[in-house]
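Asker: turn this into a structure:
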Amino acid sequence: MSKVLFYCDSGTNSPGLFTANIDGSSAVKFAYSYTSLVGSNKTLQFSPDSNYFVFLEIPLYYGVGNLYAGAMDGSSMVMVNTPATASQGVTKFEVSSDSSKIIYLSSENTNGIDELMAADIDGSNKMSITTPDMFASGDVYNFKIAPNASKVIYSLRTSDNRNKVYSANLDGTSQTRLSLDT
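Answerer: Residues are numbered from 1 along each chain as shown. Next up is the predicted model:
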């Protein structure tokens, strides 16, 4: 049966995020307080296989936020990143076309420097795709997953405001610089 994902706060004592069958039956509330979603920017994507949802919650007074992944059957939902602060958190994410990975930009490991991170679609097995030696010259500012989910292409902006383009497997292996020095 098809599922829907919805936020409900009208007329309930317990506002929250729910999943249910398309006919409204078997509603399940996720075990998390969603009152923090009020006054936030939110970006939501569903996995192509429709089994998971991923959303980014950015409080209006932050430029970064928290990334969540949940199962549409209501069985689980987790925060993928380390909890955001005013200067450390997630700014962008994308779900792979094979529904296996979440790729995202985050400054959670290095304050003020955006690095490219990956996690399994259920939020587990979090890892950095970019390497610490790359941060000496700048930070990642944009990325795109290949349509066949084999690679991620990303741009690194250097401290002298030059752009370098790289590709890598979604597990961080096979880092290849694609751009030339100019």
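
Asker: mind listing the helices in this protein by residue range?
Answerer: Remark: helices assigned in the chain by DSSP state H are 132-135.

Asker: for it, what helix or strand is lowest in average pLDDT?
Answerer: Least confident helix or strand of the chain, by mean pLDDT, DSSP states H and E, is helix 132-135 with a mean of 64.

Asker: any weak-confidence spans in this protein?
Answerer: The chain contains residues with pLDDT under 70 at 1, 9-15, 31-42, 60-62, 111, 132-137, 181-182.

Asker: let's see that with 50 instead.
Answerer: Residue ranges of the chain with pLDDT under 50: 1, 34-35, 37-38.

Asker: which strand residues bridge Tyr68?
Answerer: Note on Tyr68: beta-bridge partners by DSSP bridges are Phe55, Met79.

Asker: can you count the residues close to it?
Answerer: By the criterion of other Cβ atoms under 10 Å, Tyr68 has 22 neighbours. To be clear about C-beta, it is placed using only N, CA and C from the backbone, and glycine gets the same treatment.

Asker: and for Glu57?
Answerer: Glu57 - counted by other Cβ under 10 Å - has 21 other residues nearby.

Asker: find the nearest non-adjacent residue to Phe143, please.
Answerer: Leaving aside its sequence neighbours, Phe143 sits nearest to Tyr154 (Cβ to Cβ, 6 or more residues apart in numbering; 3.8 Å).
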